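Participant: structural data only, the sequence is not supplied:
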């Protein structure tokens, strides 16, 4: 199988899913991302990204229970898969190794 | 804050488009966000919610509509397939259904085109809704006398006295004043051409209409004396490819008074009540001394344009001021003894310009009009024919229901709902309707030229009109649904158990309804047939009526005023031709459309007492009575060549009667201008259409040189006209001869009658055709249903006659009932139609007997083909299949 590729926003969302472990659903991801990034994100962008990640096998999902909140609609929780974790790891490793090759430059 | 709900419609939209398995997550998240945001600002929260919904509307989230409804598509395909197979299996019935429908639709399309054209008249003027024609009324008894011929100074007075009137203008079309027709040639050419369509008009009149000018300045055209405007088509005829502005035109050889072309206007559209080609200015014109300021004559058509926002009916109410301010003083000044009483009878009305074409019944204006009643009649006929066709459809569909009953039963058993079956049968009738529309429109296209001849129009199929095809499609859907709705409910209501057991095998349940519908069809047909008979009888009556003069073999030479002083010589030369019996010079002819006038006559010395006798005064020459073959009731004809004859007058019987003359000969009458001795009384003759009563008329000797009537005795008209033409060319080489025949002009007066006749005939035939198609289908069905019965009867010895009787008697009963219903209705309507004619036939019973017999015969012939077939069939064939 060909190596799966991943875009920048997808990577951010996947990181968020991993970070929020077991508590990751649309609104939570949105709020945390907005807080960390300091800029507005549209919820539907997150939804689409999550679907795409799920299609690619980086996350799996499950439904929460029905509550009185949210108009009676269930939350959909996402958990990162082993494949997803491996991808994050390899991305991290790649970036770290590249980062360390940067010579010491002074921006004085 | 829990009470604040997310916006309803966006949420509903989300639920509609979103995939079921995504909905929990997306809707939940959106609502959660909304609930959080609402605490800060409800307004912002709503806005953000809507925006989120919009952003969520993406391909990935949209549910698949196709997969969900796939069953419907499959079923629709199945319905169409079954419908198609049924259509093919029963070719005859399908042909009757589609054929009848197509005929009905064809007729409807044609009639709709006709009506559309009639309703489109005079809508093209820029300020159409502010333009009115002024109508003068004169109340005596009953219905006021209405006319559009009005006083010369009226337009000016309207403009000056009423601030609501933005512009007022007149035109003059009477040939008494030289409008109507003229001999035309551009200055510098020798050859005259005869042209019609001349009027005199004020510049204001032209501005009111706002016809676009191709050349010329709209603000100043016609303001100078001796200017005229010509239409684009005439400009191209006389000045091809050049700008004719400022060119001179010679009218009627009057070289001393040329007209300067002041502008070229776009031709009046075909759907305009005004159709003129030459507009001469009224500026500087005066027809008689002081005529333009005279309130005692009525010749001008007067149009006004009111200011935007002013109320025409209020203005109309104030128009009586005109009578008080101008007409009453004028009457008094004229020495009228009962001036107040007469003025009290005069009134004015305003008629919107768009109403002139269709709603001018009873208004004398000498324009040719459509008739709103015709529009109604045509519309009703179209609707009826379509209805007849729809009835065929319903009748045949329910009659043939037996064949579909098993299908319905089976479908229901397999889980079909009534609603599914209804939509199946509606689909089927839509299919039929579309087929019929295609054929019907094709039919209409093919028959359009014939219809144009019939209706006297130049209609075309408006394919280029963007609304046309969608309109047709919409009509096809509506008609299909309407015709299909009863059969659909009827068929879908079968009980599966009963049907499959075989107990509902006959389509006879609704036979009473079918009977009613057949009666309706035949009643309509009989009404139209009887109407056709009556119209034709009336036509024959009029054309063969003793008209009081001899219209046969009279040649009319027009434009003879060009002969000038040579007229007498020409006449003498004419008389020397072998076949010419006599000839007379006069513009006053006993057919409508020729010269007319109106005068008030008094007995000499009684001018100020009592009422005048209003009538025509015709200027003729001494050969007139002879040439026209009129008969003297009393007294003598004019003498030739006697100066004292200028004092003589011949009156008609009506005038003698209205004067109350016991001994008319020797009485003296006057019209204020001249006084004459009555020397003869002419037998009454019809000089206008027989819709009108013969009016008083008198003949005096005088000059009216435009027409020469020639009485010919030869049977070889062609050689005579050739000889006359040769003679004319000697006298007037610069102008080609124009001639016509008196009997043709006479027949033209009754064009509208003949048109009504042929329209009725056509529609009667169509209606009968459609009704017959239906009857044919029904009889075929009955024969099929009773096939076994007929066969058994045959086996038991029934003859051809008794079987024929068996099949036809039911239908004949229906036709007889239809006849009973139709007779009074058609009697009523035809009586109303005949009321228009003063000289008319009486409706007799034989018309209805004939119409009834004819419809029975038609019905019998229609039924017989199937019933004879049934009677001849070998009984074994029907009986062995049990």
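Facilitator: Here it is on my side, so go on. Quick caveat, the model's predicted, so the values are computed rather than measured. Residues are numbered from 1 along each chain as shown, chains lettered A, B, ... in the order given.
Participant: mind listing what's buried in stretch B:513-523?
Facilitator: Neighbour counts over stretch B:513-523 (16 or more other C-beta atoms under 10 Å in any protein chain shown) mark B:514, B:515, B:517, B:518, B:519, B:520, B:521, B:522, B:523 as buried. Any C-beta I mention is one placed from the backbone N, CA and C, and that applies to glycine too.
Participant: and those residues near chain A, which?
Facilitator: When C-beta under 8 Å from any C-beta of the partner chain is applied, no member of the buried residues of stretch B:513-523 is adjacent to chain A.
Participant: can you put these in CSV and add pLDDT and secondary structure?
Facilitator: Output for the buried residues of stretch B:513-523, formatted as CSV (pLDDT from 0 to 100; DSSP: H, G, I helix; E, B strand; the rest coil):
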residue, pLDDT, secondary structure
B:514, 80, helix
B:515, 84, helix
B:517, 84, helix
B:518, 85, helix
B:519, 89, helix
B:520, 88, helix
B:521, 85, helix
B:522, 86, helix
B:523, 90, helix
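Participant: and the furthest pair within the residues you listed?
Facilitator: B:514 and B:523 (14.8 Å; C-beta to C-beta).
Participant: what does residue 39 show for phi and psi?
Facilitator: No chain in the question, so chain A it is. phi -140, psi 160 (degrees, to the nearest 10).
Participant: do you know how far it is from residue B:811?
Facilitator: Distance of residue A:39 to residue B:811, given as C-beta to C-beta, to the nearest Å: 86 Å.
Participant: of these two, who's got more company?
Facilitator: residue B:811 (22 against 7; other C-beta atoms under 10 Å in any protein chain shown).
Participant: list the contacts of the more buried one.
Facilitator: B:518, B:775, B:778, B:779, B:859, B:863 (C-beta atoms under 8 Å, 6 or more residues apart in numbering or on different chains).
Participant: close to chain A: what parts of chain B are there?
Facilitator: Near chain A, when you scan chain B using C-beta under 8 Å from any C-beta, you find B:6, B:22-33, B:35-36, B:51-52, B:55-56, B:58, B:60-61.
Participant: so what pLDDT did residue 39 get?
Facilitator: In the absence of a named chain, chain A is used. pLDDT for residue A:39: 85.
Participant: should've been chain B
Facilitator: At residue B:39, pLDDT is 85.
Participant: phi and psi next, for it.
Facilitator: Dihedral angles (degrees, to the nearest 10) for residue B:39: phi -70, psi -30.
Participant: how about residue B:664?
Facilitator: phi -60, psi -30.
Participant: since we're on it, how many residues are nearby?
Facilitator: 22.
Participant: which residue is the nearest non-sequential neighbour of it?
Facilitator: residue B:656 (4.5 Å; C-beta to C-beta, 6 or more residues apart in numbering or on different chains).
Participant: mind checking the SS state of that neighbour?
Facilitator: helix (DSSP: H, G, I helix; E, B strand; the rest coil).
Participant: quick one: it and residue B:663 touch, right?
Facilitator: No. Between residue B:656 and residue B:663 there is no contact under C-beta atoms under 8 Å: 9.6 Å.
Participant: who has more neighbours out of the two?
Facilitator: Legend: neighbour count by other C-beta under 10 Å for residue B:656 and residue B:663, higher for residue B:656 (24 against 9).
Participant: could you check how far the more buried one is from chain A?
Facilitator: To chain A, residue B:656 is 101 Å away according to C-beta to the nearest C-beta, to the nearest Å.
Participant: same question for residue B:852.
Facilitator: Counting by C-beta to the nearest C-beta - residue B:852 and chain A are separated by 76 Å.
Participant: so where's chain A shaky on pLDDT?
Facilitator: A:1-4, A:108 (pLDDT under 70).
Participant: spell out which residues of it are next to chain B.
Facilitator: Residues of chain A lying near chain B (C-beta under 8 Å from any C-beta): A:25-27, A:30, A:42-45, A:47-48, A:51, A:63, A:69-71, A:73-76.
Participant: so which of those sit within strands?
Facilitator: Within these, residues falling in strands by DSSP state E are A:63, A:76.
Participant: can you select the buried ones from the residues of chain A next to chain B in PyMOL?
Facilitator: Listed next is the PyMOL selection for buried residues among those, using 16+ other C-beta under 10 Å:
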select buried, chain A and resi 25+26+27+30+43+44+47+48+51+70+71+73+74+75+76
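Participant: quick revisit: among the residues of chain B next to chain A, name the buried ones.
Facilitator: If we count by 16+ other C-beta under 10 Å, the residues of chain B next to chain A have these buried: B:6, B:22-33, B:35, B:52, B:55-56, B:61.
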